[in-house]
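Trainee: turn this into a structure:
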Amino acid sequence: MDKNEGEPEIKKMVCVQPGANQIRLPQKVDISVIDHETPKKYFKLKTLQNLLMWLFCKNQVNPLWLTVTNKHLIRCGVVMNLNFGLDLQQSQFLSQFNQKDKIVQFKELDQGKGNFWQSLFYTRYHEDPVFQTQKQQKLNQQGLQQEESIYNQYKNFILNREQLKNNFYPIDEKIYHDYLKIDGEVQINRMNIFAIDCEMVQTENKLELARVSIVDYNYQVVLDILVKPQTKILDYNTRYSGITEDMLSNVTVTLSEAQKIVKSILDKDSILIGHSLENDLNALQIMHYKCVDTSVLYMTESNRKLSLKNLAYKYLNLSIQKDTHDSNEDAKIALSLAKLRIEILDHFSSALFTQQNQAVPDVLIQLKKLGGIHLVESKQEVEFLLKFDVGFEDVEQINDEKKMLRMSELLKQRNANAVNPKLIFAQIYNNFEQFESYFQNMYNQAPSQTIFILSIGGEQQQFLLITK
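Mentor: Numbers count the residues shown, from 1 in each chain. Reported below is the predicted structural model:
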């Protein structure tokens, strides 16, 4: 036997002191997209707001879909909204930036209507995602029986069609034609509100349903069954699903049988509560439209969804999912969070969780603390912003060439000793013939550590992120 066998190997740590002959490479700002799916869930302008706040303001939330190296070194930021598409592959200069980690794609067209600058710099501008008609609806509820009143109270928080679509709920019957639709008649003499949670395991095809739990409004478990996946199981995901091989060894209930049981409990008017409920409906392969999603109810101002575990700890003072997940427990927690939000907190202030209608230039105010904002635009487009004492370069709306020349001059004039970065904003309306050469000139004039954000329009909505 070797004398060292069975003994831990001791590795020597070698410390290298920087010597005179070593070359220290300069630090460089870099930005990379690491998650291309998350941005598709949000509107383009809202994503741009969050990105600008993260790059240039203090105490902001880091968007999880990208990484920024040496953010503190950024000297200039250039934001250009292009009202046209760009073929990056055919561009002589821009093609070098046509890399997957520099492009952010958006499935949906932007929700911004009217003035681009108001949509960009103002928050709490669009309609409250929780219906603005709540107060009037509540007045109409007076005189109703208690259960009916509670049902209607929850009805106010059902996701609308646009919210269902933006959160990837299975609602398109052409796409999800093989899904079971909950379309039964209304059942009377009961509170028609339920909470649901499903657990999934990894199979050869995808994540498949392994357990489904449903609790009623009074926390009574009305369904808790194990389901046999349709294809071979590759990973039970026990840490996250609570499902083990032994639990499923003798299970014979199929997906279609589970669907029928669920359909016998729910009807088309049942309000279904869950956390990121689209995942449960897809696992069940069921279509249902009256959904209350706690991940949306408690969505942060930066459009970030918090986990059920975090919400339970923050609002219910409960620690859940310590060792594994339990669909019964998770369904009850989702129900408790919905009750807290809808029945209690809503009586005090819905503004705790939702945006208000009043337009507030929060983004502009935060960015202006940098001291170096310049708008290169026609006065008629940005006149309402001038009261905030921002830098303004009056250029005719139709003259995109002059805008880009002026932007190049501003970049060239960047004070090398300035502490805060300079921010330059412009909207380019037409894809004129020399656009690329004008942009190349702007890029060449920009100091090192400049970041360019090109918000590209056209059929394929996207960002192009460039660093110099």
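Trainee: worst-scoring helix or strand of the chain, pLDDT-wise?
Mentor: helix 134-140 (a mean of 48; mean pLDDT, DSSP states H and E).
Trainee: which strands and helices sit next to the next helix-or-strand element following that helix?
Mentor: Tracing the chain past helix 134-140, the next element assigned as helix or strand by DSSP states H and E is helix 146-155. In terms of contacts (3 or more C-beta pairs under 8 Å, 6 or more residues apart in numbering; DSSP states H and E), helix 146-155 is packed against strand 193-203, strand 271-274. Where C-beta positions appear, they are placed from N, C-alpha and C, glycine not excepted.
Trainee: buried by neighbour count: which residues of the helix or strand following helix 146-155 qualify?
Mentor: Downstream of helix 146-155, the next assigned helix or strand under DSSP H and E is helix 161-166. For helix 161-166, burial by neighbour count (16 or more other C-beta atoms under 10 Å) applies to 164, 166.
Trainee: got it, and stretch 311-320?
Mentor: Buried residues in stretch 311-320, counted by 16+ other C-beta under 10 Å: 311-312, 315, 320.
Trainee: need the contact partners of that stretch.
Mentor: Contacts to stretch 311-320, defined as C-beta atoms under 8 Å, 6 or more residues apart in numbering, come from residues 275, 294, 298, 306, 308-309, 329-330, 333, 336-337, 340.
Trainee: run the chain-centre distance for that stretch.
Mentor: Relative to its parent chain, stretch 311-320 has a centroid offset of 22 Å by C-alpha atoms, centre = their mean, to the nearest Å.
Trainee: what's the mean pLDDT across that stretch?
Mentor: The pLDDT scores in stretch 311-320 average 83.
Trainee: just to revisit the earlier point, can you add secondary structure and give the contacts of stretch 311-320 back as a markdown table?
Mentor: Output for the contacts of stretch 311-320, formatted as a markdown table (DSSP: H, G, I helix; E, B strand; the rest coil):
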| residue | secondary structure |
| --- | --- |
| 275 | coil |
| 294 | helix |
| 298 | coil |
| 306 | coil |
| 308 | helix |
| 309 | helix |
| 329 | helix |
| 330 | helix |
| 333 | helix |
| 336 | helix |
| 337 | helix |
| 340 | helix |
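Trainee: can you flag the buried ones in those residues?
Mentor: Buried residues within those, counting neighbours by 16+ other C-beta under 10 Å: 275, 294, 298, 306, 308-309, 329-330, 333, 336-337, 340.
Trainee: out of those, which one sits closest to residue 239?
Mentor: Residue 239 lies nearest to residue 309 out of those, by C-beta to C-beta, at 13.0 Å.
Trainee: from what I can see that closest one touches residue 321, true?
Mentor: Yes: assessed by C-beta atoms under 8 Å, residue 309 is found in contact with residue 321 at 4.9 Å.
Trainee: and the gap between residue 390 and residue 56?
Mentor: To residue 56, residue 390 is 14 Å away according to C-beta to C-beta, to the nearest Å.
Trainee: of the two, which one has the most company?
Mentor: residue 56 (21 against 18; other C-beta atoms under 10 Å).
Trainee: distance-wise, check that one relative to residue 450.
Mentor: Applying C-beta to C-beta to residue 56 and residue 450 gives a distance of 13 Å.
Trainee: who touches both of the two?
Mentor: Counting by C-beta under 8 Å, 6+ apart, the common neighbours of residue 56 and residue 450 are 74, 77.
Trainee: would you list the phi and psi of residue 394?
Mentor: Main-chain torsions, residue 394, degrees, to the nearest 10: phi -80, psi 110.
Trainee: so what's it up against?
Mentor: Per C-beta under 8 Å, 6+ apart, neighbours of residue 394: 377-379.
Trainee: switch the cut-off to 7 Å
Mentor: Contact analysis of residue 394 by C-beta atoms under 7 Å, 6 or more residues apart in numbering lists 378-379.
Trainee: is it bridged to anything, and to what?
Mentor: Residue 394 has these beta-bridge partners by DSSP bridges: residue 377.
Trainee: which pLDDT value goes with it?
Mentor: Predicted confidence (pLDDT) for residue 394: 84.
Trainee: residue 216 versus that one, what's the distance?
Mentor: Taking C-beta to C-beta, one finds residue 394 at 63 Å from residue 216.
Trainee: domains in the chain, by residue range?
Mentor: Per automatic domain parsing, the domain ranges recorded for the chain read 30-125+358-467, 134-352.
Trainee: in stretch 398-406, which residues are buried?
Mentor: Using 16+ other C-beta under 10 Å as the test for burial, stretch 398-406 gives 400-401, 403-406.
Trainee: can you list the weak-confidence ranges in the stretch 1-150 of the chain?
Mentor: Residues of the stretch 1-150 of the chain meeting the criterion pLDDT under 70: 1-26, 59, 107-114, 123-147.
Trainee: how about the helices of the stretch 351-468 of the chain, start to end?
Mentor: In the stretch 351-468 of the chain, the segments counted as helices under DSSP state H, counting those that start in this stretch are 362-368, 379-382, 400-412, 435-445.
Trainee: all set, thanks.
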